[in-house]
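# Okay, predicted coordinates and the sequence, questions at the end:
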Amino acid sequence: MNLRLLTTLIAMSLSWSSVHANYWKDSHGNPSPDTESRRSVGEFGGALLTTSDPDWDKKWNTPPDTIPVFKEATVVTQGNRIFTLIFFANPKLDANHEANITCDLKVTRPDGTESINQRDVVCFQGRLRGQPNNIYLAAPVIEFIAEPGDPTGIWTIDVMLEDNLRNVVIPLTTTFTLL
C-alpha cells in the first residue's frame, strides 16, 4: 500500500458553490443539506472529495469563472490511484486579512488499523485570493495507490478541519472501497 500525503500550495477560488450561514448551495443556488463529507458549522464550511482524476490539479488551477468537474471515486482497484481533496469556505480572517486553518487527518484500513494519523497539519495559512466565501482547496491532498497486499474493503478518511481564528472544528468523513 502506498498512501502518501501530498501538499499543494493551491488556494485559488472556485465559484461553483459558496457557504452562507449553515448551508451549502449547489450550482443553481439551491441549499444543499449537510452530509458526512460536506458540512458547515456556523459560517465556516468544509468538504471532502475523492477523485480518480490524475489531473485534478490542472482542473483546479483554472480561472475563477471556469467550473472544474471532478470524477468522484468510490471504488479503486489494484494498481490504480485516487486523491482525496479537502475544501473549505468562509474562514474567519484576522486583522491582516489572513486565515489560519489546520486539520487532523486519519485514514483507517478495513481491518481498523490506521494508515495515516496526523494532527495539526497546516491546511491553509495566509491571505485568500478572492472572497472568503469562495471555495478554496486546502494544502493536504491524500493520495492512495492500491498495491498488492492492501486489505480489500471499505477504507475511511476522517478529517477534522479547524478554523483556528473562529475556534470551529468541522468533522468530515468519506470512504472508498478497495476491490
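Perfect, thanks for sending it. Numbering: from 1, shown residues only.
# Quick one: residues contacting F44.
If you count contacts by CB atoms under 8 Å, 6 or more residues apart in numbering, F44 has them with V19, F88, A89, N90, P91, K92, D163, R166, V168, I170. No exception for glycine: its C-beta is placed from N, CA and C like everyone else's.
# Buried only: go through those for me.
V19, F88, A89, N90, P91, K92, D163, R166, V168, I170 (16 or more other CB atoms under 10 Å).
# In this structure the second one contacts I135, no?
Yes. Under the criterion of CB atoms under 8 Å, F88 is in contact with I135, at a separation of 7.5 Å.
# what is in contact with these two at once?
G45, A47.
# Following element in sequence after the strand ranked longest in the chain, please.
Taking DSSP state E as the criterion, the chain has its longest strand at strand 114-127. Note on strand 114-127: by DSSP states H and E, the next helix or strand toward the C-terminus is strand 135-145.
# Buried ones in that next one, by neighbour count?
Buried, per 16+ other CB under 10 Å, within strand 135-145: I135, Y136, L137, A138, A139, P140, V141, I142, F144.
# just those residues: which has the poorest pLDDT?
Ranked by pLDDT, these bottom out at I135, which has 89.
# what's across from it in the sheet?
Beta bridges link I135 to L14, A89, judged by DSSP bridges.
# how long is stretch 40-54 end to end?
28 Å (CA to CA, to the nearest Å).
# What sits closest to T84 if chain neighbours are left out?
I142 (4.2 Å; CB to CB, 6 or more residues apart in numbering).
# Equivalent analysis for T152, please.
L178 (5.1 Å).
# The one you found and F144: what is the separation?
Going from L178 to F144 by CB to CB, to the nearest Å gives 8 Å.
# What's the separation between the closest residue to R166 other than its chain neighbours and T152?
Among residues not flanking R166 along the chain, K92 sits closest, at 3.9 Å (CB to CB, 6+ apart). Distance, K92 to T152, by CB to CB: 42 Å.
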